[in-house]
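Student: with the input below, show me the fold.
(4 chains)
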There are 4 protein chains.
Amino acid sequence: MGVVPQPTNGRAAICNTHWPCGAMLGPGPGGAHYKMCEAGGCVQVLCPGASGIKSAAKAGTAEADEMQPVRKDKKNAPYRGLLERLAAGEIIIGDGGFVFALEKRGYVKAGPWTPEATVEHPEAVRQLHREFLRAGSTVMQTFTFYASDDKLMNRGNYVGQKISGNTVNEAACDIAREVANEGDALVAGGVSQTPSYLSNKSETAVKAIFRKQLDVFVKKNVDFLIAEYFEHVEEAEWAVHVMKESGKAVAATMCIGPEGDMAGVSTGDCAVRLVKAGADIVGVNCHFDPDISLKAMKLMKEGLEAAKLKAHLMVQPLAFHTPDCSKQGFIDLPEFPFALEPRIATRWDMHKYARSAYDLGIRYIGGCCGFEPYHIRAIAEELATERGFLPAGSEKHDAWGSCLAMHTKPWVRARAQRAYWEKMLPATGLPYSPAFSKPDSWGVTKGDEALIQQVEATSNDQLKDMFEKQKKLAGIIA
Amino acid sequence: MGVVPQPTNGRAAICNTHWPCGAMLGPGPGGAHYKMCEAGGCVQVLCPGASGIKSAAKAGTAEADEMQPVRKDKKNAPYRGLLERLAAGEIIIGDGGFVFALEKRGYVKAGPWTPEATVEHPEAVRQLHREFLRAGSTVMQTFTFYASDDKLMNRGNYVGQKISGNTVNEAACDIAREVANEGDALVAGGVSQTPSYLSNKSETAVKAIFRKQLDVFVKKNVDFLIAEYFEHVEEAEWAVHVMKESGKAVAATMCIGPEGDMAGVSTGDCAVRLVKAGADIVGVNCHFDPDISLKAMKLMKEGLEAAKLKAHLMVQPLAFHTPDCSKQGFIDLPEFPFALEPRIATRWDMHKYARSAYDLGIRYIGGCCGFEPYHIRAIAEELATERGFLPAGSEKHDAWGSCLAMHTKPWVRARAQRAYWEKMLPATGLPYSPAFSKPDSWGVTKGDEALIQQVEATSNDQLKDMFEKQKKLAGIIA
Amino acid sequence: MGVVPQPTNGRAAICNTHWPCGAMLGPGPGGAHYKMCEAGGCVQVLCPGASGIKSAAKAGTAEADEMQPVRKDKKNAPYRGLLERLAAGEIIIGDGGFVFALEKRGYVKAGPWTPEATVEHPEAVRQLHREFLRAGSTVMQTFTFYASDDKLMNRGNYVGQKISGNTVNEAACDIAREVANEGDALVAGGVSQTPSYLSNKSETAVKAIFRKQLDVFVKKNVDFLIAEYFEHVEEAEWAVHVMKESGKAVAATMCIGPEGDMAGVSTGDCAVRLVKAGADIVGVNCHFDPDISLKAMKLMKEGLEAAKLKAHLMVQPLAFHTPDCSKQGFIDLPEFPFALEPRIATRWDMHKYARSAYDLGIRYIGGCCGFEPYHIRAIAEELATERGFLPAGSEKHDAWGSCLAMHTKPWVRARAQRAYWEKMLPATGLPYSPAFSKPDSWGVTKGDEALIQQVEATSNDQLKDMFEKQKKLAGIIA
Amino acid sequence: MGVVPQPTNGRAAICNTHWPCGAMLGPGPGGAHYKMCEAGGCVQVLCPGASGIKSAAKAGTAEADEMQPVRKDKKNAPYRGLLERLAAGEIIIGDGGFVFALEKRGYVKAGPWTPEATVEHPEAVRQLHREFLRAGSTVMQTFTFYASDDKLMNRGNYVGQKISGNTVNEAACDIAREVANEGDALVAGGVSQTPSYLSNKSETAVKAIFRKQLDVFVKKNVDFLIAEYFEHVEEAEWAVHVMKESGKAVAATMCIGPEGDMAGVSTGDCAVRLVKAGADIVGVNCHFDPDISLKAMKLMKEGLEAAKLKAHLMVQPLAFHTPDCSKQGFIDLPEFPFALEPRIATRWDMHKYARSAYDLGIRYIGGCCGFEPYHIRAIAEELATERGFLPAGSEKHDAWGSCLAMHTKPWVRARAQRAYWEKMLPATGLPYSPAFSKPDSWGVTKGDEALIQQVEATSNDQLKDMFEKQKKLAGIIA
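Tutor: Down below sits the predicted model:
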């Protein structure tokens, strides 16, 4: 134990006692000066200058504060935009998906997935933003997913009759800005794919929809823009074109995997086309789990390299395991959207994801559907050494479960170690459930009758037809 | 379709068209008058008085409001206490577990599981209360779990040095009352098992701890009291004795399954002893999944019947599947507490649970760790016919997934039916994970050295010993 | 390595070098003098008297023969009966189930499960006997399962019209004796439960059926008798009564688990009643996996002890994992009998089974349906130290997979160790299959209309009724 | 029921009553004239000429014999060679893998996998041949796998010192011919990959090894030749070159999947090169399950078409599910070779396999490791309509489980239907086992030190090195 660890005052420390550990040192039991590191057989690292393990009683009080490893906020920091931060090599941590998180909390309806909660229940949207900020997110993405006028009036969802798209988008910007200002976060205005495109509407018509949202983002002066959740690169290009009119930095992500977009464009080509359309940052979001999404990112990276193009990379995958997905992603899985629970990733899965994304050169790392604040926190904790600080939320989460050293039961205290959780292959307790599911594969895409926008609710005859089709295809459910 | 359904104006309706369906009719696609019922082959029920299916456009506007099936609040209703409501045959719906939900949101530390968030982040606690209220909870349980002074200073958790138990308990009462008043909910003050008891402290010492929390509950005038999460019936009896001093109604639940308490008292005898100690309501909470918890409830009910005792029944299980648990419940599972995700119950599991609990004669039905607002909402939706109304949160959740009729993809619209979700056996997408886990079985209970309260953090030598023990017992992890 | 291992010449040896290993030493790579022992970190034990590891070339030739660890036969050993052997503390190893093994080979029809192959294809029956003898079986059980006259004419199986029960039973005795004489094995004549009993026939009628088979066994002078596969202890008692008329030793096993017989008699009481009826050896066979069967054996043992009765114990379980069985055993599992493959036990499961059975005091250890010769060999190998020799079949199977040291691929050679196989939790490669199945639970037993013997084939109307019942009960299959 | 089914006298019949059923009609309950067909809602087909359902008693006797649906043998048929049969559009059914089947029976040692049983235990080899013949095999493949001289002296397997390669090969030919003559089967002499090739021996040296085996095949006048189980197409080409010297028809199969051979040659190119080398029939065998093997076959077929080459297609996959395999096939799976049980395919899996293979245009359909006689029988039953007869073994196996109509328990009788078994997704009963395993991936191939032939047994130092490597790579096993 002759090696002196790096100073830990006020910031996270690296374990350099045990080569080749290099692990980030979270606070030890009691939040005291000494830190635990389970990697490489190492058990603890002494606080520099300390003559030994400090008495826990002492450490728990005044002195523990002086060694705060987390960064609660940076309100008064000078403004630095997204591209500035990325150019400086900083890691941008995104947030998680709002529609799934708020559906579970009771504020979003599955099916339409529209974000009128910004108007109806702003306190709920605000609280979720705060939790992500606290977890380490450096971007507050406006909750404007599916907030286009055409989507707000579709298939029997008549939100648009009560609340205009403008009202929803403005409220979303205000809430995001309010919370962003509580920390050092940026606000990103987001647009996503439209029913109009799927209904074969013209480029002009689709672009007009994007432009209407953009007008709000410009008025509210968001920090940058995200065009996300596109299944067809053509529509994503259109969105980028419109977004670029604002002069703001534009990130563009598609909800595709390694098999490319719905129209058959390869994943690598999608990246190339998005950058050529003007995107500063490209990547994928939603539809696939972290593993598959990173495979897609690898293809995007290689595509850009082959085309000698430069762009920042960004990834915001699902927090659901989807190894059995087809090209259409988790929408196809029979469990979507109301029985995905057994697929939810653990925080330890997120450690692996964050490390792999970082190693691939991605510097904008976030999440989409299924991500809860603790998943984002895991990303921030995995990359705390690289970033130089832990998120505020880590004051309630010691590294790699070491907080369990405070549990009542001794066998749970025995789990206060990285080795335990890193190797965890969790059981499901689901005796009659299968390991994998057979994805639906209806094979419909843009222009198919069943995808065409329809203001009226699906009629009973339409439903009957679909129930029949499902029975035939699935067989099992019958 | 000659049979006329019951009026649906302003309240939920029962499908009486198709005997023996009796299903609660949620709002149909578009929130229109007509309702869908998938049971018994029935596809829809017409709105009474309507000459056919109303045009969806019309239904979506003014008229949809006139037929509001949900009850948003009942602020001005005359006060009715817990026992009064139960005596009238009403169903009381509890809330979900706060420590797990807030741990994921970043406000509670796993390990100590103490509730200082009531002081540190009241907005987060308030928001969770609101979500449960909206989901249908009729009880706001004060977030005072493990808020006893001895627990706030234990094993390196020094919360008690910064924030007194009194402060935590008072803040919890204030927040719960504030949200309860936004609806028609009652406030319940809660106490739970103490490290002092596990450390063999005297009855006098343990009771003094409970009394200190009770003083706050009396001062804040909560509506009734809950003694919950007891592993030993003796300690639960002591808690009930103390609680009864207040003259308030007392509910007592133990965290046990069908195998009885840690000291070997049978589940039926536990119920008998709690009622004899003065509890008005008895049951189980935490540690086991709904299935196993209901098995325990059946034993409690039979025990009370055999002893010719009367009491209301209450159940608040986990939202994690735990068929592989030992007597110690989910604490023993290797996945506890950071890799339980694949065990999370779906909303459909909760429908089954609510119905089974109701059929067993239980009228206080809630949840514990793992329950999120949407799980509570599923209870309220399953029992909406019996209660006569849907919870406010159902404005964002049509019955049995029928809201999916508004989804973009046709194969997801095809899932807008009860038959689909009721039979769902969800896959896990976890290829290398086992179906079941082997619970730890350290076999330590009250008085065992490893359970004795200890203010100081677990020392590294203590941890080493436990890591060793774990290796030997678990084998696999090594 | 100072400790001298026991001599290995001509017999198996115990590893006493590494306390507390005590492992049986199988032949090392090349069948040479030196032995491998992977337990306790030990890698090898030198041959006593050798100055080191013998050159493999040398060991492979003449000297390897001199150290033959297997006992190929003992043709000229003096006759010793079953009870004599058991009294001397010897371990009797049974054989595996013939109906399942021969169904897979093409000689037995699933459904009726009758043994006319003894007449139609004696060479196939003989070969299976030989394989079990070679694997270590010390009993050749006549293939007379369901060879009673009533069973040979039942539900459309008209075997009895072509071949009489007498002919089948006689042929079975002749084949068993022929093979038994090739080694040191005993011949056991077996009877099993009758359709007559299930059809409420009288004690006299049922006993007459047993007596008819017994006449053949006496004529052919089998060494002892087995009454096996009884679901009702009453019928088993009747069988024992009849068998005892012969003066031969009688073993009686029921196809029950820890829940007792179909009529509700506890497992312990079943054992007591069988011993009181005259059985010299009692136990269970078929219907459950080794784990569950041993739990039943424990209850039998305790029942006998409580009743102060003495008897030898015997167990012949399934080679299928059945943790999800109901009282009716594997017959209830949806996979029975044509999709049980994923449940088949490995040889390593059999090592555990053999050791556990031995530790419980059972000295007649065999198998039933699903057991193939290699499963029996695993029993013989696990108990080789206790028995003092390995079976002939071990000349093709070095202990604990050490023969893999001869495999082409290096990573397979790396599996040539006990530690690897002992911890193996095999995967299934079945993505859409569930972990557990829901057993059928039709709840019919003796006297129920659906169980009554019927010479005619099940009519189509009868089948339709049953298909309907199945649909209702199973739901899933629909 | 106005449509008249085809005559069933003496041969199998097709159900043409219910379009588009077309199912092969197996014997009905009782072996009677009437047949069951569960597909398409159809329950039975009457015997033509009968005025209704025959009384079962009558049907069970004389008349049942007159309608024998199986073809027991065709001893006196005029000789027709393989290519002649294929040219006539006949389906050739192969046999199953001998090394795995005989390992379980106690006659082959896993690791070396050499076939000296032909000399040591000819009765066991003969019996297995007979079972495959009875199951429907039209080829008796000589048990000469790994019977090359270099393989018989390798890594501590000193078989070659006791029994020469010539002796083994001659005995294998004699046994195969003896059994082939009991039916209408052909004898195929087989060679497989050599340790010499993996050890970088010259083309001349490797060809000399093949030629030595060929000499025996020519002397014994086998009907045709199979070069099988090659991981490198180069070695397979050498084998084909040598085999062609005999003038006999040559089939060549590689143990590869869709990823191509170990040296990186694509699967399609492998087929092309084998045909160019002179093979009359090409395909894959071993290493992968039916699904994956058929994917490889599709690539071979497409490769040949692209190259405008013609050849017959042949497939002999594993009977183990291997969806989680890497390029190296099942050798990589941690369960290989002693814990593959949960992966064993059911007979119903084989129905699907046979149909898919047939539909792909493959006319030589057989099996490899894991195939037991009942698996081959399932192929013969699935294709019975196309072939015009059922195999002899079907006299003990009515189609699609209809023999279960004779079972004692009514819920098992309810399984006597195609719909039940066709949809079966069998459970495993393995609570602590994972769904999928992580294949070993050592990445060694031809020329790697660890693959070089070595006559001496693997030394303990070599083993230790490999155990270490395994620990590092597998992690989990530790």
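
Student: residue A:467 - how many residues pack around it?
Tutor: Neighbours of residue A:467 under the rule other C-beta atoms under 10 Å in any protein chain shown: 20. In short, each C-beta sits where N, CA and C put it, glycine included.

Student: which ones are touching the closest residue to it other than its chain neighbours?
Tutor: Leaving aside its chain neighbours, residue A:467 sits nearest to residue B:414 (5.7 Å; criterion: C-beta to C-beta, 6 or more residues apart in numbering or on different chains). By C-beta atoms under 8 Å, 6 or more residues apart in numbering or on different chains, the contact set of residue B:414 is A:463, A:466, A:467, A:469, A:470, B:420.

Student: from those, which single one is nearest residue A:93?
Tutor: Nearest to residue A:93, judged by C-beta to C-beta, of the contacts of residue B:414 is residue B:420 at 36.9 Å.

Student: what about that closest one, which SS state?
Tutor: Using DSSP: H, G, I helix; E, B strand; the rest coil, the secondary structure recorded for residue B:420 is helix.

Student: among the contacts of residue B:414, which are in helices?
Tutor: With DSSP state H as the criterion, helices contain A:463, A:466, A:467, A:469, A:470, B:420 from among the contacts of residue B:414.

Student: the third one touches residue B:415, doesn't it?
Tutor: No. The criterion here is C-beta atoms under 8 Å, and residue A:467 misses it with residue B:415 at 9.3 Å.

Student: SS state for the closest residue to residue A:231 other than its chain neighbours?
Tutor: The shortest distance from residue A:231 to any non-neighbouring residue, by C-beta to C-beta, 6+ apart, is to residue A:262 (4.6 Å). Under the three-state scheme (three-state DSSP), residue A:262 adopts coil.

Student: name the residues that touch stretch A:321-331?
Tutor: By C-beta under 8 Å, 6+ apart, stretch A:321-331 touches A:255-257, A:259-260, A:262, A:286-289, A:291-292, A:318, A:320, A:332-333, A:336, A:340, A:343-345, A:349, A:369, A:436-439, A:441, B:409, B:412, B:427-431, C:431.

Student: picking that back up, turn the ones in helices among the contacts of residue B:414 into TSV, columns for pLDDT.
Tutor: What follows is the ones in helices among the contacts of residue B:414, written out as TSV (pLDDT from 0 to 100):
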residue	pLDDT
A:463	79
A:466	79
A:467	80
A:469	80
A:470	78
B:420	88
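
Student: now the two most distant members of those.
Tutor: A:469 and B:420 (12.8 Å).

Student: out of those two, which sits in the busier spot?
Tutor: A count of neighbours by other C-beta under 10 Å puts residue B:420 above the other of residue A:469 and residue B:420, at 22 against 16.

Student: was I right about the more buried one contacting residue B:401?
Tutor: Yes. If you go by C-beta under 8 Å, residue B:420 and residue B:401 touch, sitting 6.9 Å apart.

Student: ok so, going back, what's the distance between the residue nearest to residue A:231 and residue A:442?
Tutor: From residue A:262 across to residue A:442, the span is 12 Å (C-beta to C-beta, to the nearest Å).

Student: helix/strand/coil for the spatially most central residue of chain A?
Tutor: Centroid-nearest residue in chain A: residue A:367, 1.1 Å away (criterion: C-alpha atoms, centre = their mean). What three-state DSSP gives for residue A:367 is coil.

Student: separation between it and residue B:319?
Tutor: For residue A:367 relative to residue B:319 (C-beta to C-beta), the value is 22 Å.

Student: same deal with residue A:382?
Tutor: 27 Å.

Student: contacts only, for the residue in the stretch 151-300 of chain A positioned nearest to chain D.
Tutor: Chain D sits closest to residue A:291 of the stretch 151-300 of chain A, with a gap of 13.5 Å, by C-beta to the nearest C-beta. Going by C-beta under 8 Å, 6+ apart, residue A:291 touches A:323, A:353.
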